[in-house]
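A.B. asks: Take this sequence and fold it.
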Amino acid sequence: MDNGFYAMMSRMKFIERWALMRNSSQENISEHSLEVSILAHALAVIGNERLGSNLNAEKVALIGIYHDATEIITGDMPTPIKYYNENIQGAFKAVEKAAADRLLAMLPKDLRKSYVDLFTPKEEEAYLWKLVKAADKLSALIKCIEERKAGNTEFISAEESIAEILKAMKLKEVDIFMEEFLGAYDKTLDQLN
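C.D. replies: Predicted coordinates for the structure are as follows:
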């Protein structure tokens, strides 16, 4: 029997992000998911080392890897559309749930249990999912910074609004990351070395 889960995951590289924006550099959800995973892991490590938390940094990184996997089926819905109103937001959540169920059904039953909570939040892991959401926003902010650095003014208002969203999240891990690490994204390779 052919189990298509992993073959479907490999298709993340074909789903382009930021479809409504002029991009100087294209980004797909595979690239984005790796960055979100790295950032979510960083937020958890910051929480553990600086704030005395006991977060599962490896688990948050895995959630980050799979956080947009449903877009293989749904495509990347632009944020202004996805969050336009409660009805659209609710309908899209139902579509994402159906897509997650469909992807999980592509796994043999004995393996499925190891992936379910990477697609569906457990109540006791709600904070990990909050960190992944913050990492997702940080990744979007970094994309805006990169586009601005490339001379693309298309992302300037998005950069401002995403920075405000991140501040409004009131997550100490995010505040620390933005204060200590975000500025480096404005630097050139020579400046980083």
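A.B. asks: what's the span of stretch 118-130 from first residue to last?
C.D. replies: Stretch 118-130 has an end-to-end distance of 13 Å (Cα to Cα, to the nearest Å).
A.B. asks: Centre of the chain to that stretch, how far?
C.D. replies: Distance of stretch 118-130 from its chain centroid, counting by Cα atoms, centre = their mean, to the nearest Å, is 14 Å.
A.B. asks: tell me which residues in that stretch are buried?
C.D. replies: The neighbour-count check on stretch 118-130 (16 or more other Cβ atoms under 10 Å) flags 118-119, 125, 127-130 as buried. All C-beta atoms are positioned from the backbone trio N, CA, C, and that covers glycine.
A.B. asks: who's in contact with it?
C.D. replies: 40, 44, 55-56, 59-60, 62-63, 65-66, 69-70, 97, 100, 103-104, 117, 169, 171 (Cβ atoms under 8 Å, 6 or more residues apart in numbering).
A.B. asks: buried stuff in stretch 36-54?
C.D. replies: By 16+ other Cβ under 10 Å, the buried positions in stretch 36-54 come out as 36-47, 53.
A.B. asks: I misspoke; the intended subject was stretch 151-170.
C.D. replies: 152, 155, 158-159, 162-163, 166.
A.B. asks: contacts for it?
C.D. replies: For stretch 151-170, the external contacting residues (Cβ under 8 Å, 6+ apart) are 21-24, 130, 133-134, 137-138, 140-141, 143-145, 147-148, 174-175, 178.
A.B. asks: With just CA atoms, put whichever strand or helix holds residue 158 into PDB.
C.D. replies: Taking DSSP states H and E as the definition, residue 158 sits inside helix 156-168. Below are the C-alpha coordinates for helix 156-168, written out as PDB (Å, rounded to 0.1, in the frame of the first residue of the first chain):
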ATOM      1  CA  ILE A 156       6.700  48.600   4.800                       C
ATOM      2  CA  SER A 157       3.100  48.800   6.200                       C
ATOM      3  CA  ALA A 158       3.100  45.000   6.700                       C
ATOM      4  CA  GLU A 159       6.400  45.400   8.700                       C
ATOM      5  CA  GLU A 160       4.800  48.000  10.900                       C
ATOM      6  CA  SER A 161       1.600  46.100  11.600                       C
ATOM      7  CA  ILE A 162       3.300  42.800  12.200                       C
ATOM      8  CA  ALA A 163       5.700  44.500  14.700                       C
ATOM      9  CA  GLU A 164       2.600  45.800  16.500                       C
ATOM     10  CA  ILE A 165       0.900  42.400  16.500                       C
ATOM     11  CA  LEU A 166       4.100  40.900  18.100                       C
ATOM     12  CA  LYS A 167       4.200  43.500  20.800                       C
ATOM     13  CA  ALA A 168       0.500  43.000  21.500                       C
END
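A.B. asks: Please consider this matter closed, and thank you.
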